[in-house]
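Q: predicted coordinates and the sequence they were generated for:
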Amino acid sequence: MSKFADIQIDAAIVRRAARGDAHAHEIIYRAFAGPVYSLCLRFTRVPAQAEDLVQETFIEIMRSIAKFRGEAALGSWIRRIAVSKALMHLRSAWTARGQSLADDWNEVTPGDAAGHGVSSQPEAALDLDAALANLPSVGRAVVWLHDVEGFTHKEIATLMGRTESFSKSQLSRAYQRLRPMLAVPGEELRGEGAALRGF
């Protein structure tokens, strides 16, 4: 899981925020703005769009914080809102381009690592950030949600409005595309995506 789980906010601050206290809102914003921005940037790859999504996320957080019951950590709740906003943004981009989620895979054609804009030299091939950036947005989102954020396939399916098998197949396809980019043997990218967890 990403930095969200490491951030601790006193329950009294959350209660004050739920009552509309602007200072409590600011404390929560300052604590979580960085991780929310990082997550949104992973999905969009465009800083201006990520900044817009941060604003949308915190508007939703401040509107909804009175409904936060504390059954999960505040960071987990905020992370879920940020992911939801990022996925809504991606869905609107796919819709605007007249594509379905599955069509996005046609953006990257099969080929060697150099064909994807990633050097095939071993020392450069280990740039995981560049490799993820070369995945289509759907694959990048599924890999990030599953391997970094720790979402299950069921949760990803719910967030994307698709089936669990869709999530599993997108992850499998993403791994297939990442292998030549990263020069990683198949066994190391299989399973729970251990190669990405340290990223």
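A: Yep, that arrived.
Q: would you map out the domains in the chain?
A: As assigned by automatic domain parsing, the chain contains the domains 3-92, 99-197.
Q: now the helices for this protein?
A: 11-18, 22-44, 47-64, 74-96, 122-125, 128-133, 137-143, 153-160, 164-182, 186-189, 194-197 (DSSP state H).
Q: and those, which is most packed in?
A: helix 137-143 (a mean of 24; mean count of other Cβ atoms under 10 Å). (Glycine included, C-beta is placed from N, CA and C.)
Q: check the average confidence over it, would you?
A: Averaging pLDDT along helix 137-143 gives 86.
Q: give the other helices and strands that it contacts.
A: helix 22-44, helix 74-96, helix 128-133, helix 153-160, helix 164-182 (3 or more Cβ pairs under 8 Å, 6 or more residues apart in numbering; DSSP states H and E).
Q: can you lay out these as JSON lines showing mean pLDDT and distance to Asp6?
A: Below are those laid out as JSON lines (pLDDT from 0 to 100; distance: least, Cβ to Cβ, whole Å):
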{"stretch": "helix 22-44", "mean pLDDT": "94", "distance to Asp6": "9"}
{"stretch": "helix 74-96", "mean pLDDT": "82", "distance to Asp6": "8"}
{"stretch": "helix 128-133", "mean pLDDT": "72", "distance to Asp6": "21"}
{"stretch": "helix 153-160", "mean pLDDT": "88", "distance to Asp6": "20"}
{"stretch": "helix 164-182", "mean pLDDT": "87", "distance to Asp6": "25"}
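Q: picking that back up, and the helices of the chain: which comes nearest Phe4?
A: helix 74-96 (3.6 Å; Cβ to Cβ).
Q: the closest one packs against which elements?
A: helix 22-44, helix 47-64, helix 137-143, helix 153-160.
Q: just put the ones you listed in TSV and tack on distance to Val83.
A: Formatted as TSV, the helices and strands packed on helix 74-96 follow (distance: least, Cβ to Cβ, whole Å):
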stretch	distance to Val83
helix 22-44	7
helix 47-64	9
helix 137-143	9
helix 153-160	6
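Q: tell me which of the ones you listed lies nearest to Arg177.
A: helix 137-143 (6.8 Å).
Q: and the closest residue in space to Lys154 that isn't next to it in sequence, what is it in contact with?
A: Of all residues not flanking Lys154 in the chain, Glu164 sits nearest, at 5.5 Å (Cβ to Cβ, 6 or more residues apart in numbering). Counting by Cβ atoms under 8 Å, 6 or more residues apart in numbering, Glu164 touches His153, Lys154, Ile156, Ala157.
Q: any idea how far Lys3 is from the first one?
A: Using Cβ to Cβ, to the nearest Å, we find His153 at a distance of 23 Å from Lys3.
Q: and the third one, by the same measure?
A: Distance, Ile156 to Lys3, using Cβ to Cβ: 20 Å.
Q: one step back: can the helices and strands packed on helix 137-143 go into CSV with extra columns for distance to Ala11?
A: Formatted as CSV, those follow (distance: least, Cβ to Cβ, whole Å):
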stretch, distance to Ala11
helix 22-44, 11
helix 74-96, 9
helix 128-133, 36
helix 153-160, 26
helix 164-182, 34
